[in-house]
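Chemist: Give me a 3D structure for the following:
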Amino acid sequence: MLSKNQIKLITSLQQKKQRFSCQLFFAEGIKGIQELLESNFELVHLYTTQNDFDEVSTDKKVLINEQELKKITALATPNTCLAVFKIPNEKKINESGLILALDAIRDPGNLGTILRLCDWFGIRQIICSKETVDIYNPKVVQASMGSLARVNVNYIDLENFISQTKLPVFGTFMDGDNIYKTDLPQEGIIIMGNEGNGISTEIEKLIKNKLAIPRFGTLQ
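Modeler: Down below sits the predicted model:
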């Protein structure tokens, strides 16, 4: 059974300020939770409507009913489980391999999808401008479908980092070279800009190589 304090804490984690004050975030759904459990994320409590997750110790697993789940979920249609994890200390940026840099990505669903794509293509490092949406936003965590467990994400002063790096820097633009026809180096940085405004003027000045990601089909 959930206490009022538990409900208050969990629902407050939908706000960035509270997530970082408590150093906690939550994930929903069996797949995403399972991926995080199998990684280095530290579980605080698991709330589930079913007697599953046998690997979770009983002192951290709380059996709840569907009505209680509705009180803490961030989803319009609740899943069967929700887990609260500790936000880990940020790891050092891994400059080996290709790095994806995000300049003010604002939509949580977009960031979650980008995480999944990086995971799929083997990109293990994302660097974000401080204006980019928080990686522990519930909608980002949900959309990432567990890829958060395998991709390292750092929030930095992007302009300063790009101006000092010795790695080749690529930016995505409408008039760039087709990324699928470009021989990319083993190590480098690819920058993607804001959904509506693209890459900021300050960052664009630091980019020498322009790439374009062509659209397939008629999707806008």
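
Chemist: Other residues contacting the strand ranked longest in the chain?
Modeler: If you go by DSSP state E, the chain has its longest strand at strand 169-178. If you take CB atoms under 8 Å, 6 or more residues apart in numbering as the criterion, strand 169-178 is touched by 162, 179, 184, 188-193, 198-199, 203-204, 206-214. All C-beta spots, glycine's among them, are computed from the backbone N, C-alpha and C.

Chemist: Also stretch 15-33?
Modeler: With CB under 8 Å, 6+ apart, stretch 15-33 has contacts from 9-10, 12-13, 36, 44, 46, 52-53, 73-75, 78-87, 134, 136-138, 141-142, 144-146, 148.

Chemist: hmm, which of those residues are the buried ones?
Modeler: Using 16 or more other CB atoms under 10 Å as the burial test, the contacts of stretch 15-33 include 9-10, 13, 36, 44, 46, 53, 73-74, 78-85, 134, 136-138, 141-142, 144-146, 148 as buried.

Chemist: top helix in this protein by residue count?
Modeler: Secondary structure of the chain per DSSP state H: the longest helix is helix 108-121.

Chemist: Show me what the next helix or strand after that helix is packed against.
Modeler: Where DSSP states H and E defines the elements, the next helix or strand beyond helix 108-121 is strand 125-129. Other elements packing on strand 125-129 under the criterion 3 or more CB pairs under 8 Å, 6 or more residues apart in numbering; DSSP states H and E are strand 98-102, helix 108-121, strand 152-156, helix 158-164.

Chemist: List the buried residues in strand 125-129.
Modeler: Buried, per 16+ other CB under 10 Å, within strand 125-129: 125, 126, 127, 128, 129.

Chemist: is it true that the last one touches residue 104?
Modeler: Yes: in this structure, residue 129 is within contact of residue 104 by CB atoms under 8 Å, at 5.4 Å.

Chemist: one step back: ok, of the contacts of strand 169-178, which come out buried?
Modeler: Buried among the contacts of strand 169-178 by 16+ other CB under 10 Å: 162, 188-193, 198-199, 203, 206-207, 209-212.

Chemist: which one among these gets closest to residue 112?
Modeler: Of all these, residue 112 sits closest to residue 192, with 14.3 Å by CB to CB.

Chemist: Please name the bridge partners of the closest residue to that closest one other than its chain neighbours.
Modeler: Leaving aside its sequence neighbours, residue 192 sits nearest to residue 172 (CB to CB, 6 or more residues apart in numbering; 5.2 Å). Beta-bridge pairing of residue 172 under DSSP bridges involves residue 211.

Chemist: neighbours of residue 172, just the number please.
Modeler: By other CB atoms under 10 Å, the residues close to residue 172 number 18.

Chemist: And it, what's its pLDDT?
Modeler: We have a pLDDT of 95 for residue 172.

Chemist: cool, and residue 9?
Modeler: For residue 9, pLDDT reads 98.

Chemist: show me what contacts it?
Modeler: 22, 24.

Chemist: ok, residue 112 - contacts?
Modeler: Contacts of residue 112 by CB under 8 Å, 6+ apart are 139, 140, 141, 142, 143, 144, 145.
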